[in-house]
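**Q** Any chance you could fold what I've pasted below:
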Amino acid sequence: MNRYLDKFFSYLEIEKNYSRHTLINYKIDLTEFFEFIKETPVEKVEYFTLRKFLAQLKDKEHKPRTLARKLSSLRSFFKFLQREGHIKNNPATLLMTPKLDKKLPAFLTEEDMGRLIEAPSNETDFGRRDRAILEVLYSTGIRVSELVGLDVDDVDFIGNIIKVLGKGKKERLAPIGEQALKTIQSYLDKRKKSSLALFLNKNGTRLSTKGVCDITHKYILQISSQQHISPHVFRHSFATHLLNRGADLRSVQELLGHVNLSTTQIYTHITMDKLKGIYSKAHPRA
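**A** A predicted model of the protein is given here:
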């Protein structure tokens with residue numbers, strides 16, 4: 001089985017360009033599956049074997065979104081085995097995906113976002129770094145994983161653009177505002193350690209995703225009573241504020257780096273509340 005897994009993960013990494021985070025999750029899911037089937041050869045796995053495995057996961061009270069991800073891992077794996085000729089029939093073909101509720105993303109008002117960005121002090125090295133991080137996240141809408149991958153050379157101070165390595169290792173260019181560029185420049189001008197990486201931790205090495213999450217969470221707690229707001233609130237607020245101010249959905253899709261427009265459309269549920277309010281006030285027979 002290990003030889004199948006090695007081939008599968010090489011395929012995901014090299015041909016499909018899956019992110020490190022996705023590869024880790026797939027490894028967890030498939031390891032759990034192999035522990036379930038024990039000594040059964042993978043070629044002998046049937047549809048009902050997979051059903052029993054998913055039923056066991058459900059008994060463990062996994063959330064529907066987690067079950068959907070594990071199901072996706074199994075589908076991808078068996079589809080690969082069939083494509084490579086290791087199995088004749090794909091037992092995962094008929095598996096049904098659990099129904100997922102669409103969660104409306106949390107976002108901050110423009111006023112709260114302004115307060116959040118201004119929370120770090122400009123008088124300390126870490127304060128300047130943190131201010132730049134918050135500005136960049138809100139100005140560009142990039143993911144935290146994309147932010148930690150930024151190098152100094154990825155920032156075009158003249159063209160107001162940053163180069164981002166997104167999901168699937170796909171590069172894209174993202175516009176960045178003057179205010180964010182000023183905070184980056186202020187941070188770099190007074191940064192004591194030289195590095196290719198844009199944002200550094202206290203040891204002078206590239207800041208990790210967890211490091212950025214800890215930083216953003218600290219300032220979020222200072223301005224909001226909502227304990228469970230994630231760093232993704234910058235991305236959600238970025239998209240929501242753009243749509244509220246008249247940006248079209250396809251442009252926001254490009255800015256967020258979404259492959260499918262349907263992924264971006266979730267933000268229209270939020271902006272619809274504002275549109276309804278405008279409609280109620282403006283239409284004579286609302």
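**Q** Using PDB, list the CA coordinates for the lengthiest helix in the chain.
**A** The longest helix of the chain (DSSP state H) is helix 64-83. Only the C-alpha atoms of helix 64-83 are listed here, as PDB (Å, rounded to 0.1, in the frame of the first residue of the first chain):
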ATOM      1  CA  PRO A  64     -20.100  17.200   7.600                       C
ATOM      2  CA  ARG A  65     -17.300  19.400   6.200                       C
ATOM      3  CA  THR A  66     -14.600  17.000   7.600                       C
ATOM      4  CA  LEU A  67     -16.500  14.000   6.200                       C
ATOM      5  CA  ALA A  68     -16.700  15.700   2.800                       C
ATOM      6  CA  ARG A  69     -12.900  16.300   2.800                       C
ATOM      7  CA  LYS A  70     -12.200  12.600   3.800                       C
ATOM      8  CA  LEU A  71     -14.600  11.500   1.000                       C
ATOM      9  CA  SER A  72     -12.700  13.700  -1.400                       C
ATOM     10  CA  SER A  73      -9.400  12.100  -0.400                       C
ATOM     11  CA  LEU A  74     -10.800   8.600  -1.000                       C
ATOM     12  CA  ARG A  75     -12.300   9.600  -4.400                       C
ATOM     13  CA  SER A  76      -9.100  11.200  -5.600                       C
ATOM     14  CA  PHE A  77      -7.000   8.100  -4.400                       C
ATOM     15  CA  PHE A  78      -9.200   5.500  -6.100                       C
ATOM     16  CA  LYS A  79      -9.600   7.600  -9.200                       C
ATOM     17  CA  PHE A  80      -5.800   7.700  -9.400                       C
ATOM     18  CA  LEU A  81      -5.500   3.900  -8.900                       C
ATOM     19  CA  GLN A  82      -8.000   3.200 -11.700                       C
ATOM     20  CA  ARG A  83      -6.200   5.700 -14.000                       C
END
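**Q** okay, now Pro231: neighbour count?
**A** 20 (other C-beta atoms under 10 Å). The C-beta positions use only the backbone N, C-alpha and C, and glycine is treated the same way.
**Q** How much space separates it from Val212?
**A** Applying C-beta to C-beta, to the nearest Å, the value for Pro231 to Val212 is 6 Å.
**Q** list residues touching both of those two?
**A** Val144 (C-beta atoms under 8 Å, 6 or more residues apart in numbering).
**Q** returning to that earlier point: and the contacts of the longest helix of the chain?
**A** With C-beta under 8 Å, 6+ apart as the criterion, helix 64-83 contacts 4, 7-8, 11-12, 25-26, 29-30, 32-33, 42, 45, 50, 53-54, 57-58, 62, 87-92, 95, 97-101.
**Q** PyMOL command for the buried members of those residues?
**A** Selection of buried members from these for PyMOL, criterion 16 or more other C-beta atoms under 10 Å:
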select buried, resi 4+8+11+12+25+26+29+30+33+42+45+50+53+54+57+62+87+90+91+92+95
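**Q** hang on, the earlier thing: in the longest helix of the chain, what's buried?
**A** Those would be 67, 69-78, 80-82, for helix 64-83 by 16+ other C-beta under 10 Å.
**Q** Go ahead and measure how far the helix or strand following that helix is from the middle of the chain.
**A** Using DSSP states H and E, the helix or strand that directly follows helix 64-83 along the chain is helix 110-117. Helix 110-117 has its average C-alpha position 22 Å from the chain's average C-alpha position, going by C-alpha atoms, centre = their mean, to the nearest Å.
**Q** Let's test this: mean pLDDT of helix 110-117, rounded?
**A** Confidence for helix 110-117, expressed as mean pLDDT, is 92.
**Q** Give me the buried positions along that helix.
**A** Met113, Leu116, Ile117.
**Q** Same list (these) but as CSV, adding distance to Phe107.
**A** Compiled in CSV, the buried residues of helix 110-117 are given as follows (distance: C-beta to C-beta, whole Å):
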residue, distance to Phe107
Met113, 9
Leu116, 12
Ile117, 14
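**Q** and Glu32, what element?
**A** According to DSSP H and E, Glu32 maps onto helix 20-37.
**Q** Asp130 belongs to a strand?
**A** No - counting by DSSP: H, G, I helix; E, B strand; the rest coil, Asp130 is not found in a strand; it is helix.
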